[in-house]
Structure formats: C-alpha cells, structure tokens
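Engineer: okay, sequence plus prediction incoming.
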Amino acid sequence: MSRWKGLPASLDQRVRQLVVQLRRLKDHSGLSLASLAAKTAYSRSSWERYLNGKKLPPREAVEALARVCGTDPTRLLALHEVAAQAWEAGPPQPEAVPPEAVPPEAVPPAPARRRGPGTRGLVALGALALLIVAGAVLLLVRPWQDDGAAGPDRGVEAAARAPGAVPAFTHRAGETYACHVRRTGDGLYAGRSRTATAILGNGTSGWEAVEAQCLLRHRGYDPGPVDGIVGENTMRAAKRLQQAAGLPVDGIVGPDTWKALRR
C-alpha cells in the first residue's frame, strides 16, 4: 500500500474528505500513478497533485478514477460537489489578532470655562422678558375687554353697550364662542350683535354670524360649532328654521330670518 504524504494543514475539511476517499480507492485498486495515467486522460503529475491536495481534481477525473477502479462514482461526485464549493471559497482566513492595548496618552485637563451669568441672573432676565410679553399681550387684549371684565366674550357685551365701539372680529382656527341667549325688549339676544338686517350667506364671518349661530342653537337647530363662520351646517340649520317659519328656504339669513330668530 502507498505511503501518502500528509495533506496540507490549510486544506478545507470537505476537500480533505474527498482526497482521502480517492486515495483509498486508488490503494484498493492496486494501481500506481503511472497506471492511472495510462488508463485515464490525466498525466502522472496531475494525479500526484490531485491525490496530495495540491489541486482539486476535475469532476471528469473523479469519474475516470471510479470507472477504472470498478466502483459507482455517485458518492464520490457528491463529495466532489461539496469540495468544489469549499475550494472556490478559498482557504479560511486566519483570525485577526487584536493589537495590544495601548494606554491612552495623558490628556491635559480642559481649560476652565469662563463663568457666564449666574442662575439668579438668568432667572431675573427670564422674569423681565415674561413681564414685557405680558404687557404687550395686555395692550392687545385690553380693547376687547370691558372695564375689569374677563372671560371668553372678549368685551362684546361692553362694545354693544357703548355706541360706536364695535370690536373687530378675528377668527382663530379651532376657536368657538359661548352662547348666553336672553330675552330683551327687542326679542332674543345672544350678546354678539344687535343686527336685524345683516345678510349672512355661505362663507360669511363676523359677530353677526356668531349671533345667528347662537340663536339657531337656542331654537333647537344645530348650526355646528359656534365659530362665527357660516358654513354648510349653519345654512342647513337656517333652512330648517325658515321651513318651520314659512319663509323661503334658501339658508341665507336676512331680515325675515332675523325676525324669526329673535321672535
């Protein structure tokens, strides 16, 4: 029996298994490398490289060795397929050796920061800024309020009591208004407008629209959010009131509809 050289230590285990099986098959057949070269299409030096793990034998060489040794090549071909994948992948890369830990160089201490204004100074500055902002807000809000009056109505009642003092209507997204309907000598009044002639169509906005929405709600016709803008809900509620009052049903609040609202 031939005495084989040791296979390379770097040889993949899957390739190693194929070479070992080929060596066993060759030893059992009793054929020499020269005999294999004579019976196959591969030279003696080629078989020497194949059987010593220096080169992966081609699939045809594995089939030729099985044929001349009189064995079924199926198992050998299966081993060859796995070995070929390992051979194409290349030898395993050695693990990288981490460099020795190098002690960090001494880091000089950071220069001391210059101290800015103290906490008390910052608090004082913040308080002063708040006072300035609050004063500006009061200046803006004051014209909307009656003397000492507070609340969401923004002084509309006072403006109504003071002849000629009509505050401008400014709509803010999502803002709604409270309704406080009461009966006066002129009929129902929600504290937003005394008008009896304003024409309110789709898209109209203002205190007259707030007044109409409050009166519609008071009479049981839901205008939607009381936001001072006439929309589909307000016009739908006005149509229901007009129908109940025997008025032309168009959803537009005019003199006749105001009469029905304040009645």
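Structural biologist: Done, it's in.

Engineer: buried sites along the strand or helix carrying L79?
Structural biologist: Using DSSP states H and E, L79 sits in helix 74-89. For helix 74-89, burial by neighbour count (16 or more other Cβ atoms under 10 Å) applies to L76, L79, H80, A83, A84, A86, W87. (Glycine included, C-beta is placed from N, CA and C.)

Engineer: what's near enough to touch the residue lying closest to A198 once chain neighbours are set aside?
Structural biologist: Leaving aside its sequence neighbours, A198 sits nearest to E208 (Cβ to Cβ, 6 or more residues apart in numbering; 4.3 Å). Contacts for E208 (Cβ atoms under 8 Å, 6 or more residues apart in numbering) come out as R192, S193, T195, A198, L200.

Engineer: quick check, nearest of those to A38?
Structural biologist: Distance to A38 across the contacts of E208 (Cβ to Cβ) is lowest for L200, with 113.3 Å.

Engineer: what is the burial count for that closest one?
Structural biologist: Counted with other Cβ atoms under 10 Å, residues neighbouring L200 total 24.

Engineer: now it: closest residue in space that isn't a chain neighbour?
Structural biologist: Nearest non-adjacent residue to L200, counting by Cβ to Cβ, 6+ apart: V253, 3.9 Å away.

Engineer: run a quick neighbour tally on the one you found.
Structural biologist: By other Cβ under 10 Å, the residues close to V253 number 30.

Engineer: what does the one 3 residues further on give?
Structural biologist: The local packing of D256 (other Cβ under 10 Å) involves 13 other residues.

Engineer: helices of the stretch 101-250 of the chain, start to end?
Structural biologist: Using DSSP state H, counting those that start in this stretch, the helices of the stretch 101-250 of the chain run over residues 119-141, 156-161, 207-218, 232-245.

Engineer: flag the shaky bits of the stretch 1-150 of the chain, pLDDT-wise.
Structural biologist: Scanning the stretch 1-150 of the chain for pLDDT under 70 picks out 1-2, 91-124, 133-150.

Engineer: now with 80?
Structural biologist: Within the stretch 1-150 of the chain, the stretches with pLDDT under 80 are 1-3, 90-150.

Engineer: just give the number of residues close to T234.
Structural biologist: 27.

Engineer: cool, and V62?
Structural biologist: Residue neighbour count, defined by other Cβ under 10 Å, stands at 23 for V62.

Engineer: doesn't P73 make contact with it?
Structural biologist: Yes - at 6.4 Å, V62 counts as touching P73 under the criterion of Cβ atoms under 8 Å.

Engineer: tell me the contacts of the nearest residue to L76 once chain neighbours are set aside?
Structural biologist: Counting by Cβ to Cβ, 6+ apart, L76 lies nearest to V62, which is 5.2 Å off, once chain neighbours are set aside. Residues near V62 by Cβ under 8 Å, 6+ apart: L18, L22, P73, L76, L77, H80.

Engineer: what distance do you get for the first one to Y50?
Structural biologist: Going back to what we said before, that points to L18. From L18 over to Y50 the distance is 10 Å, taken as Cβ to Cβ, to the nearest Å.

Engineer: let's see if you can find the most crowded of the contacts of E208.
Structural biologist: Sorting the contacts of E208 by how many neighbours each has (other Cβ under 10 Å) puts R192 first, at 28 neighbours.

Engineer: ok, now how distant is C179 from L131?
Structural biologist: In this view, C179 and L131 are 36 Å apart by Cβ to Cβ.

Engineer: so for those two, which sits in the more crowded spot?
Structural biologist: Comparing C179 with L131 by other Cβ under 10 Å, the one with more neighbours is C179, at 17 against 10.

Engineer: torsion angles phi and psi at that one?
Structural biologist: For C179, the backbone dihedrals (degrees, to the nearest 10) come out as phi -110, psi 130.
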